[in-house]
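*Asks:* what would the 3D arrangement of this be:
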Amino acid sequence: MLPAGNLYTFDEESIARAPAGKGVYSLHKAGETIYIGKAEGGGGIRGRLQYHLHGENPCTKQATTYRRELHRNPAAREEELLLEYKLAHGRLPLCNERIG
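*Replies:* Residues are numbered from 1 along each chain as shown. You can find the predicted model right below:
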């Protein structure tokens, strides 16, 4: 399972329209989920997506699309999404494995 919501292009223009509220998001490359994360503060979802787009992590910078979902408890929702992914695929998303 992935965050509820549409699939967006992982670029500056699309991220600028993302909400500044707290929630969860997933990053994708070639149709594969490569990262699932949470946003609790510091610009919310928009801030976290900008961090990945411009950050120093080469794994998440290769994303081409993303999904996002506002949520009042991002940490719990992220944990739920990561568990669902691991149960379905036998592993965490590629970039979650490299970070964790």
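*Asks:* quick one: low-confidence parts of the protein?
*Replies:* 99-100 (pLDDT under 70).
*Asks:* now do the strands in it.
*Replies:* 8-9, 23-29, 32-39, 65-70 (DSSP state E).
*Asks:* pull out the buried positions in stretch 21-32.
*Replies:* By neighbour count with 16 or more other Cβ atoms under 10 Å, stretch 21-32 contains the buried residues 22, 23, 24, 25, 26, 27, 28, 29. C-beta coordinates here come from the backbone N, C-alpha and C atoms, glycine included.
*Asks:* which residues does it contact?
*Replies:* For stretch 21-32, contacts defined as Cβ atoms under 8 Å, 6 or more residues apart in numbering pick out 2-3, 7, 10, 33-41, 44-45, 48-49, 52, 60, 62-72, 74, 77-78, 81, 93-95.
*Asks:* in contact with the residue of the chain positioned farthest from its centre, which residues?
*Replies:* Distance from the centre of the chain peaks at residue 90, with 19.0 Å (Cα atoms, centre = their mean). By Cβ under 8 Å, 6+ apart, the contact list for residue 90 is empty.
*Asks:* what's the separation between it and residue 24?
*Replies:* Per Cβ to Cβ, to the nearest Å, residue 90 is found 21 Å from residue 24.
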